[in-house]
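J.: show me the folded form of this:
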Amino acid sequence: MSDRRGRLTVYLGAAPGVGKTYAMLGEARRRRERGTDVVVGYVETHGREHTAGMLDGLEVLPRREVEHRGTRFTEMDVDAILARAPAVVLVDELAHTNVPGSAREKRAEDVEVIRAAGIDVVTTVNIQHLESLNDQVERITGVRQRETVPDVVVRTADQIQLVDMAPEALRRRMAHGNVYRPENVDASLTSYFRVGNLTALRELALLWLADRVDDALGDYRRAHRIDHPWPTKERVVVAVTGGPESETLIRRGAKLAERAVGSELLAVHVIADDGLRDPGERQVARAQQLVATLGGTFHTVVGEDVARAVVDFATGADATMLVVGVSRHGRVRRLFTGSSGDRIASLAGAVDVHLVTHDQAARATRARGVLSSLSTRRQVAGWVAAVVLPVVLTWLLQRFEDTDQLPLAEMLLLAGTVLVALVGGLLPALAAAVVSFFTLNWFFTPPTGVLTVAEPANFVALLVYVAVAGGVATVVDRASRRAAEATRARTEAATMGALSRSVLTGQDTAEAVVARLRETFGQDAVSLLARTPSGWQVVAASGAPCAPTPDEGDTRVRVDDDHVLVLTGDPLRASDQRVLEGFAVQTSLVLEYRRLRTREDRAAVLETAEATSTALLRAVSHDLRTPLATMRTSVDGLVGGGDLVGPDDRAELVRSLDDGIDRLERLIDHLLDLSRLEAGLLQPVLSDRSLDEVLPLAVAGHPPGAVSLEVDESVPMVRTDVGMLERVVANLVGNAVRASWQDEATGPTPVRVLAHVLPRTVEVLVVDRGPGVPAALRERMFAPFQRLDDSSVGGLGLGLAVARGLTEALGGTLEAEDTPGGGLTMVLALPRAEPPSLTGRG
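T.: Residues are numbered from 1 along each chain as shown. Down below sits the predicted model:
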């Protein structure tokens, strides 16, 4: 095998009949004329005369015959090509599927084997056979292509040649009989080869190849380290701030992108690398959704310099245009700091910058600059300190008789300005700086007592003081805000982390969520409301008074279409909205978990019912057959036997018939009892009864010596239903007798029925010496249709299930224990009758 991998050249056709094979054969003839060793591995001429003529003079390798279902087919002979080892081989119809029984499933796999041997391959394929375009082609033409080739095979080809032809020209070729046989021309022209279909296929081919060319151009630029963008394709990048103007910018960018065919729309949002400045996740999410709706892509980058980050992204994406909104900052701020749009325009270089005006320009930030995030109490304290503190410091300095107090006064008043900034923020600090300026001028700068300055140096000192005071106040205010934001972000992160852990562990309930929400935000009450046809209903609540409707609360947050969280108490700050939305998300997850759990419970009930039904049908079909067969045989013998049946035989048949009827009645009684128990329709009639009047009836009907009733008359009465208790004991005794008689090694051992008196209950013990039941299976034997190792006939495995159900209906319990020395003891605990109350006697 050669170390060199063969090159792949693909002739890509927009539609059948455009001339792919003809063009491939033309290249083969040109290569042969240049002395290249070219052979034809497989070419399909489809009976076209001009295409067949191009094979003249070319070496054509014989095909391999393959038999499938009695029919012989011809396929490309890969072994013959490898043995011939030409420099170039022609392989038509790359997407072809080989006949079953071939060495490989697809012809594309054969091509890979040939290339691995160092042989160059020239092949053909139509655009409709590319795997990624299969669905689109079906929507356009109504025909789904059964033979496809993965895009990566064609995309990674060393050379792709597009074979294109105008739809009208291709239809003329078909009309002249140069593509299909004459009898197929009319049907093809009116179906697959309509002008609209051919135009759409042609556009698909051009766009797909344009993407491939764009990838190749990107590889070339990276290989040659070309950083500046080449405007080969229109790419519009929209800078999204997350503010209310973002949607306007995105729509304007989409309109610009629509002007050029094949253009791309990209939106970029810059996050500060300190992670503190956040315009609002909800607004950014809406912008991201709008970009996806318009067919664009949304990107997020991190950077301190917003303008530089946007330009770097646009350059890396080979953008041709940047869409930027007019700054929302006021004129004063733009005068000193400029705007992001201006900086982006200066940094963009060859990228066009489109500046878009909007309604929010110079509005939101001015309002935000006036308002303070500090509490009202701190703001009032700051304004009071801005006036009082310079006056107090001036009064203290005036107490000293030192004539040159200007440096000391400047330092003290500067410290006072910093203190005001820490307490009340920027605006009170600037006011304190102005008050301090006039105080210094009037009291400490010669000549004192007037607002004039004699020495130029003192005037410069006052101006420097004001500038330093203003700068220090600004820095202190900003640092204080950042510290508060960092503390809030840390608190939010801890809260959100706790929420995430509780959601992942699935431990939260709706009640726990509202209680945690009330505790986190210090609210008076929090309620989760659900919308119902009759109005709002409280699902969970914490605190008081809870708002029964959303309108009666102070803060509302939507959970989903039918649920809302309502908070009663102090209004929340805008900065708390993100954490509040986190609680809303957690609440929705809790509600979804509750819905899923309800569905799971319902599914478990249905699964149990289905399993019960299945077991019932299986048991009925098997176990009812025995008594029915016995009864049928007895009836046939009595009716059809005539004089041949003697008196003894007739009596035996009657007994068998009677036994079958009794067995069938027991089975039906068990089924009805189980059905009534599961439906809750079996209600006992309780009364005080003595065991010695119930147990003898329950143990009757067994062979002599099979049951030993050992209950003393002194046993207290129990609170029970006579009929239900009799059936429970009869069931337990019957099972014990069968278990004891199955032990053939020691023979039958009598089943003992005992009574054990406890302070609140009386235990009826049914003791057998049978094989017993392993501890792991004892609880299972009380489930319906569980017979375990019981090999007796005529039972559905319902006896113990019915017995436990009846016992629980009586207010008792039924458990299984080991019998000392071997066997099983059924412990039936019944509540004792209440002693008669003693009334007072005269």
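
J.: name the next helix or strand following the helix or strand of the chain with the lowest mean pLDDT along the chain.
T.: Lowest by mean pLDDT, DSSP states H and E among the helices and strands of the chain is helix 364-370, with a mean of 43. Next helix or strand after helix 364-370 toward the C-terminus (DSSP states H and E): helix 376-398.

J.: any idea how far residue 689 is from residue 381?
T.: 84 Å (Cβ to Cβ, to the nearest Å). In this view, the C-beta of every residue, glycine as well, is placed from N, C-alpha and C.

J.: ugh, wrong one, I meant residue 422
T.: Taken as Cβ to Cβ, the span from residue 422 to residue 689 is 86 Å.

J.: which residues are in contact with stretch 289-299?
T.: 238, 240, 247, 250-251, 253-254, 257, 264-269, 287-288, 313 (Cβ atoms under 8 Å, 6 or more residues apart in numbering).

J.: pick out the residue nearest the middle of the chain.
T.: residue 589 (11.2 Å; Cα atoms, centre = their mean).

J.: surely that residue is within a strand?
T.: No: applying DSSP: H, G, I helix; E, B strand; the rest coil, one finds residue 589 to be helix, outside a strand.

J.: quick one: residue 264 and residue 236 touch, right?
T.: Yes: counting by Cβ atoms under 8 Å, residue 264 touches residue 236, with 7.1 Å between them.

J.: which residues of the stretch 601-750 of the chain score low on pLDDT?
T.: 608-627, 640-645, 663, 666-667, 669-682, 741-748 (pLDDT under 70).

J.: which stretches of it form strands?
T.: Under the criterion DSSP state E, counting those that start in this stretch, strands of the stretch 601-750 of the chain are mapped to 687-689, 707-710, 718-720.

J.: most packed of those?
T.: strand 718-720 (a mean of 23; mean count of other Cβ atoms under 10 Å).

J.: return the backbone torsion pair for residue 72.
T.: The phi and psi torsions at residue 72 (degrees, to the nearest 10) take the values phi -100, psi 130.

J.: give me the nearest residue to it, chain neighbours excluded.
T.: Nearest residue to residue 72, sequence neighbours excluded (Cβ to Cβ, 6 or more residues apart in numbering): residue 65, at 5.4 Å.

J.: equivalent analysis for residue 148, please.
T.: Nearest to residue 148 is residue 131, by Cβ to Cβ, 6+ apart, at 4.5 Å.

J.: count of neighbours near the closest residue to residue 529 other than its chain neighbours?
T.: The spatial neighbour of residue 529 that comes closest, neighbours along the chain excluded (Cβ to Cβ, 6+ apart), is residue 536 at 4.7 Å. By the measure other Cβ atoms under 10 Å, the count of residues near residue 536 is 19.

J.: and residue 467, by the same measure?
T.: With other Cβ under 10 Å as criterion, residue 467 counts 11.

J.: if I pick it, what's in contact with it?
T.: Residue 467 neighbours (Cβ under 8 Å, 6+ apart): none.

J.: tell me the pLDDT of it.
T.: On the pLDDT scale, residue 467 is placed at 76.

J.: let's verify it: helix, strand, or coil?
T.: helix.

J.: what does residue 239 give?
T.: With three-state DSSP as the basis, residue 239 sits in strand.

J.: please tell me how far it sits from residue 322.
T.: Applying Cβ to Cβ to residue 239 and residue 322 gives a distance of 7 Å.

J.: need the residues touching each of the two.
T.: 310, 344.

J.: okay, stretch 39-51 in PDB with CA atoms only?
T.: This file holds the C-alpha atoms of stretch 39-51, laid out as PDB (Å, rounded to 0.1, in the frame of the first residue of the first chain):
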ATOM      1  CA  VAL A  39      -8.500   4.300 -16.500                       C
ATOM      2  CA  VAL A  40     -12.400   4.100 -16.200                       C
ATOM      3  CA  GLY A  41     -13.400   2.100 -13.100                       C
ATOM      4  CA  TYR A  42     -17.100   2.700 -13.500                       C
ATOM      5  CA  VAL A  43     -19.000   5.100 -15.700                       C
ATOM      6  CA  GLU A  44     -22.800   5.000 -16.400                       C
ATOM      7  CA  THR A  45     -23.700   6.600 -19.700                       C
ATOM      8  CA  HIS A  46     -27.500   6.000 -19.300                       C
ATOM      9  CA  GLY A  47     -27.700   5.400 -23.000                       C
ATOM     10  CA  ARG A  48     -26.600   8.900 -23.900                       C
ATOM     11  CA  GLU A  49     -24.800   9.000 -27.200                       C
ATOM     12  CA  HIS A  50     -22.500  11.900 -26.600                       C
ATOM     13  CA  THR A  51     -21.400  10.600 -23.200                       C
END
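
J.: in it, what's buried?
T.: 39-43, 45, 48, 51 (16 or more other Cβ atoms under 10 Å).

J.: swap in stretch 390-408?
T.: For stretch 390-408, by 16+ other Cβ under 10 Å, it's 390, 393-394, 397, 405-406.

J.: what about it, start to end distance?
T.: 13 Å (Cα to Cα, to the nearest Å).

J.: what's in contact with it?
T.: Contacts of stretch 390-408 (Cβ under 8 Å, 6+ apart): 409, 412-413, 416, 432, 435-436, 439-440, 443-445, 458, 461.

J.: go with 6 Å
T.: Here stretch 390-408 makes contact (Cβ atoms under 6 Å, 6 or more residues apart in numbering) with 409, 412-413, 416, 435-436, 439, 443-444.

J.: can you check stretch 103-117 too?
T.: For stretch 103-117, using Cβ under 6 Å, 6+ apart, the contacting residues are 1-2, 5-6, 78, 81-82, 91, 94, 96-97, 121, 149, 153.

J.: can you name the two of the residues you listed that are farthest apart?
T.: The most widely separated members of the contacts of stretch 103-117, counting by Cβ to Cβ, are 2 and 97 (27.8 Å).

J.: name the residue in these two with the higher neighbour count.
T.: Using other Cβ under 10 Å, the more surrounded residue of residue 2 and residue 97 is residue 97, with 15 against 11.

J.: since we're on the nearest residue to the more buried one once chain neighbours are set aside, how many residues are nearby?
T.: Nearest residue to residue 97 in three dimensions, chain neighbours excluded: residue 147, at 5.2 Å (Cβ to Cβ, 6+ apart). Using other Cβ under 10 Å, residue 147 has 15 neighbouring residues.

J.: distance of residue 147 relative to residue 597?
T.: From residue 147 to residue 597 the distance is 49 Å (Cβ to Cβ).

J.: thinking again about what came up before, got the phi/psi numbers for the residue nearest to residue 72?
T.: Backbone torsions of residue 65, given as degrees, to the nearest 10, read phi -90, psi 140.

J.: residue 73 is in contact with that one, correct?
T.: No: contact criterion Cβ atoms under 6 Å: residue 65 and residue 73 do not qualify, at 7.2 Å.

J.: okay, these two: which has more neighbours?
T.: Legend: neighbour count by other Cβ under 10 Å for residue 65 and residue 73, higher for residue 73 (16 against 11).

J.: hang on, that one in a strand?
T.: Yes: when three-state DSSP is applied, residue 73 is found to be in a strand.

J.: show me what contacts it?
T.: 66, 99.

J.: okay, and the beta partners of it?
T.: With DSSP bridges as the criterion, residue 73 is bridged to residue 66.

J.: quick one: it from residue 100, how far?
T.: 10 Å.

J.: what does residue 291 give?
T.: 48 Å.

J.: is residue 323 in a helix, a strand, or coil?
T.: Going by three-state DSSP: residue 323 is strand.

J.: tally of neighbours for residue 563?
T.: Per other Cβ under 10 Å, the neighbour tally for residue 563 reads 18.
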